[in-house]
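Colleague: below: sequence and its predicted model.
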Amino acid sequence: MTNTRLCRTFQTAPAGVPRDDSAKYLLSGLTAEGWQAPDWLVPDLEDGTAPDCKAEALENVCDLLPEYAPDFAGEIWPRVEWGYGDEATRERGRDQIATLAESVGDHLDGVVVPKVGRLDDVRAAETAVEAAVQESGHDIELAIIVETARARSDLREIAQFGADSRLSALVFGPVDYAAELGGRDVGGSPAWPGLYEAMSNEASANDLLAIGGPFDKLYRERAGVTFYNGEAYAEYVEREARVGLDGSWSLHPNQTEQANRIHLPTDEELREAVRKIETFNEAKDEGTGAVSIDGQMVDEATLKNFENTVETVRAVHDARETQARECYDADLLDRALSVV
Amino acid sequence: MTNTRLCRTFQTAPAGVPRDDSAKYLLSGLTAEGWQAPDWLVPDLEDGTAPDCKAEALENVCDLLPEYAPDFAGEIWPRVEWGYGDEATRERGRDQIATLAESVGDHLDGVVVPKVGRLDDVRAAETAVEAAVQESGHDIELAIIVETARARSDLREIAQFGADSRLSALVFGPVDYAAELGGRDVGGSPAWPGLYEAMSNEASANDLLAIGGPFDKLYRERAGVTFYNGEAYAEYVEREARVGLDGSWSLHPNQTEQANRIHLPTDEELREAVRKIETFNEAKDEGTGAVSIDGQMVDEATLKNFENTVETVRAVHDARETQARECYDADLLDRALSVV
Amino acid sequence: MTNTRLCRTFQTAPAGVPRDDSAKYLLSGLTAEGWQAPDWLVPDLEDGTAPDCKAEALENVCDLLPEYAPDFAGEIWPRVEWGYGDEATRERGRDQIATLAESVGDHLDGVVVPKVGRLDDVRAAETAVEAAVQESGHDIELAIIVETARARSDLREIAQFGADSRLSALVFGPVDYAAELGGRDVGGSPAWPGLYEAMSNEASANDLLAIGGPFDKLYRERAGVTFYNGEAYAEYVEREARVGLDGSWSLHPNQTEQANRIHLPTDEELREAVRKIETFNEAKDEGTGAVSIDGQMVDEATLKNFENTVETVRAVHDARETQARECYDADLLDRALSVV
């Protein structure tokens, strides 16, 4: 965090599916409204799109962005193919990056490169992006998916490389990651708390964004009825918010709505933050360094947490004013916008 | 994981105990049958054997392996003495490694070196193994026990060294580790989730095996009756399986049986894996990249987890066919052996 | 751990507050008695003291130590100002360190430097301490607060630097840390288990002390009544003791009392440790290397944990005999002092 660039939601959409309207999901993402509109839309040319559909998927992205991207309020980051162990896949990825930059580079914010390995492989991905930028003249950034043991092993060096390169976001890929490590869903799934902490820390140390992984148990069955698994996803996203990830991965408009909301401070959080900042400021005027407010010792350090809360609300107010107005009481929002 | 070399169980047996049949536990390990036979048997010359018995323990190993090792289905890895801080102990370890290689090197798969320190110390242990290999002409590998703060601190570099040396397995030693860090059993034991994650990750990044630590609360007393603590051990092993460790440490034939079973996919896991691979393959034939199966979004990435499950079952089927036949319905096993 | 230097409690006290008796909290810390006396008293010139009071706070420390420090049984470690990103703050910190060393250096054990960044910044803080030592002739050590993403990222190298420099303690600062990472209290607070493990490990690998972070929810309200939040603090401190931290941060005499007690082995822990050492020693005399005691397999490795327990009790017996006498039955204490 401390990065106020909004990426509460990173929604992937397969860019080509085997049906007449092969761009159905891509189009649906580009035209989503309100809380269901993701901060980042990720047209997927990789695992979500079948080999036979990849060419058409790339065409769909190139065809639709000129028409729909100008009205899309968030950022657009296609996911291309890549794989640290496979030069042929990397070459396809380079071609996809070049084509995207050339054709629709003015509508893109960046590209998402999956299955990167150690630092050298991330450098190779960044070189591909830089080449496409030079060729096309469009400014495009890089996000990588951390989903191999090698990338996790080099995470600190990879993030430091990000401090001074086109790499600007780290995204977690738990499914490939569990497959590499041999993790099993036995008496519960592996939760990788150490990886979450490391991603949040290294992103913060180098001013990158950190984004969680997909939650693929979209639906749940109980006593014969299948329904959207909203309780479990909310807990999953809350866990990501708790350790300071900036946003969460979404596979469905419902997930997008939930993650957009959870990565906003609650009304109660904002109210506490504003009250404590105001009270602390009054105390400071009287010369006190630490003050007990509602049973909590508050000092300059504590204050930063409350200031973060206020700054996030301000960023959302700038980008999506209706969401801020809907979430917070008008009085409280005014205090949040004016408190210093 | 992704390493299909079997080491579901790493069973230590003191190689010499102060009784007439001083090789009792060693012999019992070598002749164990069925589920109680460990994948790796570790004749212990270190902490489990008293100073006075060490010479006899080494003799026992050299005497018994020629007779019993040929019929032992698993691997044999004696644990020798070592200690990063103590040159005299290291020298004893070198002698034990040399003697073992010379006398019974053709029956050994490797040696286990405990209490290693930083990378330099692991290199020293590997040099000792390499010297014994050169001298004896037998191919012997190295496993180390990660149980000091120094080894944990250098784990990433140690594992990278393993990618290109005789080091092929990382084993956790929680008892020494807790002693070094000063961990206490207060309101619960320390669980070291970060270390487990790091061991699993670094082993996977460098194609090493990762094996959990001993669970020493073998028995439990309740209302006057003492009994085998099987519930707690099963949970302990499940936690290790969840994060992708390849196997667990056993101190007792009962523990060996439990860990051998838990580190096999359950019938239900195999059934789900086979069904999802089959369904996904049908969908792929129709050009779909991601498909919702039983409420889960399945794509190429998800698939790898299911393929891992199938490959583990195949490895067990190769090495211990009766165990595979006992665990899985015949139809299901056939599908697992033929699905691609 | 394994470091038997006592720092069960690290109690900060604002060194200047805006009232007539501006040294009230400092004086209260210096004159605390019994269980409420901290092992380390940390007069705070940083976040706990308001900007307007900082000059007076420094004067208070310089005025009071000559009178009160000689009768204070623990160590004294003032916290100065510092900040990795801000040269002006660092310069104030250097001046405070120089002034403290010059004026009251003979009463200090060290200084606490907060908000350090990467290794280079920690080196800069150590250089400031070394300069003050050279200038004043008094031996003064350095503790740093790990509370930035950069310090966490470099923790391993920072701790290795500590093995051979004036740096001798790592302290956690969760409030600033959560603010840097953007951690939120949503469905629970972030707990940073990976950071705790790393601090304990790296401190142990380099013979440093590791100390936990402040728990600022001092009071709790339930059904209209506000009371000391002692249950939650005890759990917080137990968690720190479990992973091997040497001590905990205290903001209040009640917290000091609780942490002083929790970081002592319980009577039951000591009793078990002594009995198992005694039993193991008898077994060793009979030539046994591993022995089952009360259902636990005990060997040389297990024994070290029990020896640690005994050594901690001996250290407390040396420094605070009445506390040891109060906690343990006289017979048991005698056995602990004589067992080998």
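Modeller: Arrived safely.
Colleague: please make it C-alpha for all contacts and neighbour counts, starting now.
Modeller: OK.
Colleague: now check stretch A:129-147, is it near chain B?
Modeller: No. Stretch A:129-147 does not reach chain B (Cα under 8 Å from any Cα of the partner chain); its nearest approach is 9.9 Å.
Colleague: tell me which residues in that stretch are buried?
Modeller: Using 16 or more other Cα atoms under 10 Å in any protein chain shown as the test for burial, stretch A:129-147 gives A:129-133, A:136, A:138-147.
Colleague: and chain A, what are its domain boundaries?
Modeller: A:9-262, A:267-338 (automatic domain parsing).
Colleague: is the shortest one in proximity to chain C?
Modeller: Yes. Domain A:267-338 lies in contact with chain C when judged by Cα under 8 Å from any Cα; the contacting residues are A:284, A:286-290, A:294-302, A:304-305, A:308.
Colleague: neighbours of residue A:156, how many?
Modeller: The number of residues packed near residue A:156 is 21, by other Cα atoms under 10 Å in any protein chain shown.
Colleague: next up, the contacts around the closest residue to it other than its chain neighbours.
Modeller: Counting by Cα to Cα, 6 or more residues apart in numbering or on different chains, residue A:156 lies nearest to residue A:202, which is 6.1 Å off, once chain neighbours are set aside. Contact analysis of residue A:202 by Cα atoms under 8 Å, 6 or more residues apart in numbering or on different chains lists A:155-156, A:159-160, C:149-150, C:153.
Colleague: can we see that at 7 Å?
Modeller: For residue A:202, the contacting residues are A:156, A:159, C:149, C:153, by Cα atoms under 7 Å, 6 or more residues apart in numbering or on different chains.
Colleague: report the buried members of those.
Modeller: Among the contacts of residue A:202, the ones that count as buried by 16+ other Cα under 10 Å are A:156, A:159, C:149, C:153.
Colleague: residue A:312 contacts residue A:4, correct?
Modeller: Yes. Residue A:312 is within contact range of residue A:4, at 6.2 Å (criterion: Cα atoms under 7 Å).
Colleague: more neighbours, the two?
Modeller: More crowded of residue A:312 and residue A:4, by other Cα under 10 Å: residue A:312, with 22 against 15.
Colleague: so which strand or helix has the more buried one?
Modeller: helix A:300-319 (DSSP states H and E).
Colleague: picking that back up, with distance to residue B:45 added, can I get the buried ones among the contacts of residue A:202 in CSV?
Modeller: Below are the buried ones among the contacts of residue A:202 laid out as CSV (distance: Cα to Cα, whole Å):
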residue, distance to residue B:45
A:156, 39
A:159, 44
C:149, 44
C:153, 39
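Colleague: in chain A, what residue is nearest chain B?
Modeller: The minimum distance from chain A to chain B, using Cα to the nearest Cα, falls at residue A:50 (3.5 Å).
Colleague: separation between that residue and residue C:238?
Modeller: 52 Å (Cα to Cα, to the nearest Å).
Colleague: so which residues of chain A form helices?
Modeller: A:24-30, A:54-68, A:87-104, A:119-136, A:149-153, A:155-162, A:174-181, A:193-205, A:230-242, A:253-262, A:267-285, A:300-319, A:321-327, A:330-338 (DSSP state H).
Colleague: dump the ones you listed to TSV, plus mean pLDDT.
Modeller: Listed next are the helices of chain A as TSV, based on pLDDT from 0 to 100:
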stretch	mean pLDDT
helix A:24-30	97
helix A:54-68	97
helix A:87-104	97
helix A:119-136	98
helix A:149-153	98
helix A:155-162	98
helix A:174-181	93
helix A:193-205	98
helix A:230-242	97
helix A:253-262	97
helix A:267-285	90
helix A:300-319	88
helix A:321-327	95
helix A:330-338	95
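Colleague: who in the stretch 51-200 of chain A is up against chain B?
Modeller: Taking Cα under 7 Å from any Cα of the partner chain as the measure of proximity, the stretch 51-200 of chain A contacts chain B at A:52-53, A:149-150, A:153, A:175-176, A:179-187, A:189-190, A:192, A:194.
Colleague: quick one: buried ones out of the residues you listed?
Modeller: A:52-53, A:149-150, A:153, A:175-176, A:179-186, A:190, A:192, A:194.
Colleague: re earlier: ok, the buried ones among the contacts of residue A:202 vs residue B:28, which is closest?
Modeller: Closest to residue B:28 out of those is residue A:156 (47.2 Å), distances taken as Cα to Cα.
Colleague: which non-adjacent residue is nearest residue A:56?
Modeller: The spatially closest residue to residue A:56, leaving aside those adjacent along the chain, is residue A:16, at 6.1 Å (Cα to Cα, 6+ apart).
Colleague: contacts only, for the residue nearest to residue A:57 when sequence neighbours are not counted.
Modeller: The shortest distance from residue A:57 to any non-neighbouring residue, by Cα to Cα, 6+ apart, is to residue A:16 (4.1 Å). Applying Cα under 7 Å, 6+ apart, we find residue A:16 in contact with A:22-23, A:49, A:53-54, A:56-57, A:60.
Colleague: most neighbours out of those, which is it?
Modeller: residue A:49 (28 neighbours).
Colleague: residue A:17 versus residue A:37, what's the distance?
Modeller: Distance, residue A:37 to residue A:17, using Cα to Cα: 21 Å.
Colleague: neighbour count winner among those two?
Modeller: Comparing residue A:37 with residue A:17 by other Cα under 10 Å, the one with more neighbours is residue A:17, at 25 against 22.
Colleague: ok, that one to residue B:283 distance?
Modeller: Applying Cα to Cα to residue A:17 and residue B:283 gives a distance of 11 Å.
Colleague: over to residue A:238?
Modeller: From residue A:238 across to residue B:283, the span is 34 Å (Cα to Cα).
Colleague: ok, now residue A:291?
Modeller: Using Cα to Cα, we find residue A:291 at a distance of 63 Å from residue B:283.
Colleague: which one's more surrounded, the two?
Modeller: More neighbours surround residue A:291 than the other of residue A:291 and residue B:283, with 19 against 15 (other Cα under 10 Å).
Colleague: which ones are touching that one?
Modeller: A:280, A:297-299.
Colleague: by contact count, what packs against the helix holding residue A:312?
Modeller: Where contact means 3 or more Cα pairs under 7 Å, 6 or more residues apart in numbering or on different chains; DSSP states H and E, helix A:300-319 is packed against helix A:267-285, helix A:321-327, helix C:174-181.
Colleague: what residues does chain A put near chain C?
Modeller: Chain A has residues A:1-2, A:194, A:197, A:200-202, A:204-205, A:238, A:241-244, A:284, A:287-290, A:295-297, A:299-302, A:304-305 near chain C, with proximity defined as Cα under 7 Å from any Cα.
Colleague: which residue packs closest to the residue sitting furthest away from the middle of chain A, ignoring adjacent ones?
Modeller: What lies farthest from the middle of chain A is residue A:286; by Cα atoms, centre = their mean that is 42.0 Å. Distances taken as Cα to Cα, 6+ apart place residue C:18 nearest to residue A:286, at 7.4 Å, with adjacent residues excluded.
Colleague: from memory that neighbour sits against residue A:288, does it?
Modeller: Yes. Taking Cα under 7 Å as the definition, residue C:18 is a contact partner of residue A:288 at 5.9 Å.
Colleague: more neighbours, the two?
Modeller: Neighbours per residue (other Cα under 10 Å) separate residue C:18 from residue A:288, with residue A:288 holding more: 23 against 17.
Colleague: the more buried one: what's it in contact with?
Modeller: C:17-18, C:49-50.
Colleague: need the worst-confidence member of those.
Modeller: Lowest in pLDDT among the contacts of residue A:288 is residue C:50, which has 84.
Colleague: can you get me a residue count around that one?
Modeller: 26.
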